[in-house]
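Novice: let me see the structure of the following:
(chains A and B)
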Amino acid sequence: MIASDAPDKAAAKGGAPCETETGYNFAYLDEDTKRMIRRALLKALAIPGYQTPFASREMPMPYGWGTGGVQVTAACLKPDDTLKVIDQGADDTTNAVSIRQFFAKVAGVATTTRTEAATVIQTRHRIPEQPLRAGQILVYQVPIPEPLRWLEPRETETSKMHALEDYGPMHVKLYEDIARHGRIATSYAYPVLVDGRYVMDPSPIPKFDNPKLHMNPAIQLFGAGREQRVYALPPYTAVESLAFEDHPFDPGGVDAPCALCGHRGGYLDEIIADDAGRRVFVCSDTDFCERNRLNAGDAQPVGFGAERSA
Amino acid sequence: MIGPPLLRLDALGKRYGRHLGCADVSLTLRQGEVLALVGESGSGKSTLLACAAGRLAPSDGRVLRRAPAPDAPEDPRHDAPPLWSDVYADLTEPERRRLLREEWAFVHQDPRDGLRMAVSAGGNIGEPMMAVGARRYQAIRAEAERWLRRVEIPADRLDDRPSGFSGGMRQRLQIARALASRPRVVFMDEPTGGLDVSVQARLLDLIKRLVSEFGLTVALVTHDLAVARLLAHRIAVMRRGRIVESGLTDQVLDDPQDPYSQLLVSSALQL
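Specialist: Sure, this is the predicted structure:
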């Protein structure tokens, strides 16, 4: 599961300038803990979509900040890896910056903001726009791994429902959406059926990203620290978003160009641009947006001055 | 009208530690028949019903269920599936769940136990259909609306949640949900408990109509002899976990033989 085609370290941009912390094992966790997590990950990869329990450790960050993802990343990292961390698609938000610095300090690995240069990408709630390739690992931070929780609060019961493929109630949620809103209004954490077997919560990614889960050449790992579960999608796994025959899955998305790079068809954030309440849409994936602008000769769009640097 | 036996209880018993739930109960339930289990509180009626309904593993004895008639004529090259199978010993957990979902239904005394209170009436009725693979929204919705009308709930309440329904409406909704999967056997635990008399009368009327319309086979628990009189073909009187007398409804209520049955019948309120 460890990527072999790591790019040249020198090619990786944005490596943290700080020294590696001494006194910690490589990537913070001790080797026995990493081995335990790797075993859980191997089991998770062997049973795509199945929530594998693991002995989640206390991490030096609060629950909800990606303790599960950080442990999975720590278990996957090796010294020649290049790490990218995104939060809602952005490389420059607090969560992304602090986790990137954390691993730069305790593992001394190269970091990058470029999707194609990274061998391990930890993400909160997005899949990068740039298609992933074989050998890359995408690590998701998961708050609640159980897609059936909304319908059945008992863990003993939901694990039985998974074991027996008793997934009828899952459609009740979608039925309720249509009855109340006229369409399936679930817009993130949209439930999927993995390899025709397990119903899985893809973490709170927008449903716009659900098609990218399907037949993805990268390894996709999901870590839920508080809930002590990992699950996984091995490369090229069939992932189907649940729907009704007469209300098929619709990935949604805004039909507007990005105000910064002009790209259409990506996932956009809505931003209030001035005191008059004017709104613009910009790419949620900051690296993707920056690449587009560099390729186009870095033309500044009119009327939106706030440059977002990676 | 009354067909072959569908369910047989064979020396059924359930113990809760040192306490007795029910003991040595043998009964047969035939197709199209309504059987009432009557007795005072704590006599083991609900325990017996839960065991018979496949929801509570008994300590002793067997619950035997007759396999449904095969759709196609049987292939003589294969062994026919056994006609009678023990719901607990012979069926695997998935088979038992499928049985409870597709062949049997349960109506609880408290509708909150049988309904999803945060889900609309349509979603509640549609759930059993979706559980067996219905994936067309419009078809599920149309069928849910039909059932709502059948249980005399206005069709415009289809998208309302049962938390906003009255007690009587909740109970009728629970019955619609139970019957929507077209079960062969319905188990009812005090379906009219906790409702005032006029609502109770309407509900009894409804159940009676549905039983005859769909030829339902029903096992019913009640402490109210009037309910038993109105709905049941046969009655079994329970006391301290055992059946003390059973027979045709009119026979048991008009001419009880057992001293306890006599006491029970004579203590019923007469107006």
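Novice: strands along the stretch 101-250 of chain A, start to end?
Specialist: A:110-111, A:120-124, A:137-141, A:192-194, A:198-200, A:219-224, A:229-233, A:239-241 (DSSP state E, counting those that start in this stretch).
Novice: for B:Arg150, which of those strands is the nearest?
Specialist: When the strands of the stretch 101-250 of chain A are compared by CB to CB, strand A:198-200 sits nearest B:Arg150, at 31.9 Å. Any C-beta I mention is one placed from the backbone N, CA and C, and that applies to glycine too.
Novice: excluding residues flanking it in the chain, which one is nearest the residue in the stretch 51-200 of chain A positioned nearest to chain B?
Specialist: Residue of the stretch 51-200 of chain A nearest chain B, by CB to the nearest CB: A:Gly168 (2.7 Å). Nearest residue to A:Gly168, sequence neighbours excluded (CB to CB, 6 or more residues apart in numbering or on different chains): B:Ala131, at 2.7 Å.
Novice: now do the contacts for B:Gly126.
Specialist: By CB atoms under 8 Å, 6 or more residues apart in numbering or on different chains, the contact list for B:Gly126 reads A:172, A:175, B:134, B:140-141, B:143-144, B:180.
Novice: sorry, that was for A:Arg278
Specialist: A:Ile272.
Novice: and the gap between it and A:Asp177?
Specialist: In this structure, A:Arg278 and A:Asp177 are 32 Å apart, going by CB to CB, to the nearest Å.
Novice: per-residue confidence at residue 181?
Specialist: Defaulting to chain A. At A:His181, the model reports a pLDDT of 93.
Novice: not quite, I wanted chain B
Specialist: B:Ser181 is given a pLDDT of 86.
Novice: quick one, phi/psi of it?
Specialist: phi -90, psi 10 (degrees, to the nearest 10).
Novice: which one is it nearest to, not counting chain neighbours?
Specialist: Residue nearest to B:Ser181 in three dimensions, not counting chain neighbours: B:Pro128, with 3.7 Å by CB to CB, 6+ apart.
Novice: tell me which element that neighbour falls in.
Specialist: helix B:121-131 (DSSP states H and E).
Novice: thinking again about what came up before, any chance of TSV for the strands of the stretch 101-250 of chain A, columns mean neighbour count and mean pLDDT?
Specialist: Below are these laid out as TSV (neighbours: other CB atoms under 10 Å in any protein chain shown; pLDDT from 0 to 100):
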stretch	mean neighbour count	mean pLDDT
strand A:110-111	24	96
strand A:120-124	25	97
strand A:137-141	27	98
strand A:192-194	22	97
strand A:198-200	21	97
strand A:219-224	28	98
strand A:229-233	28	98
strand A:239-241	18	97
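Novice: quick one: secondary structure of the closest residue to chain A within the stretch 151-271 of chain B?
Specialist: The nearest approach of the stretch 151-271 of chain B to chain A comes at B:Asp159, 4.9 Å away (CB to the nearest CB). Secondary structure, DSSP: H, G, I helix; E, B strand; the rest coil: B:Asp159 is coil.
Novice: ok, now how distant is it from B:Thr192?
Specialist: In terms of CB to CB, B:Asp159 sits 27 Å off from B:Thr192.
Novice: higher neighbour count, those two?
Specialist: B:Thr192 (24 against 13; other CB atoms under 10 Å in any protein chain shown).
Novice: quick check: closest non-adjacent residue to the more buried one.
Specialist: Of all residues not flanking B:Thr192 in the chain, B:Gln200 sits nearest, at 4.5 Å (CB to CB, 6+ apart).
Novice: output the below-cut-off pLDDT ranges for the chain.
Specialist: With no chain named, the answer covers chain A. A:1-19, A:298-310 (pLDDT under 70).
Novice: let's do chain B instead
Specialist: For chain B (pLDDT under 70), the answer is B:1, B:70-81, B:270-271.
Novice: what does the stretch 101-250 of chain A have sitting close to chain B?
Specialist: A:151, A:160, A:164, A:166, A:168-169, A:171-172, A:175-176, A:178-180, A:244-247 (CB under 8 Å from any CB of the partner chain).
Novice: those, buried ones only, as a ChimeraX selection?
Specialist: To isolate the buried ones among those in ChimeraX, judged by 16 or more other CB atoms under 10 Å in any protein chain shown, type:
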select /A:151,166,168,169,171,172,175,176,178,179,244,247
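Novice: how about stretch A:171-183 as CSV, C-alpha atoms only?
Specialist: Taking Å, rounded to 0.1, in the frame of the first residue of the first chain, the C-alpha atoms of stretch A:171-183 are listed here in CSV:
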residue,chain,number,x,y,z
HIS,A,171,-33.8,4.4,0.9
VAL,A,172,-36.2,5.7,3.4
LYS,A,173,-33.9,8.6,3.9
LEU,A,174,-33.8,9.4,0.2
TYR,A,175,-37.6,8.9,0.0
GLU,A,176,-38.0,11.5,2.8
ASP,A,177,-35.8,13.9,0.9
ILE,A,178,-38.0,13.7,-2.2
ALA,A,179,-41.2,13.8,-0.3
ARG,A,180,-40.1,17.0,1.5
HIS,A,181,-38.0,18.8,-1.1
GLY,A,182,-39.1,17.3,-4.4
ARG,A,183,-35.7,15.9,-5.1
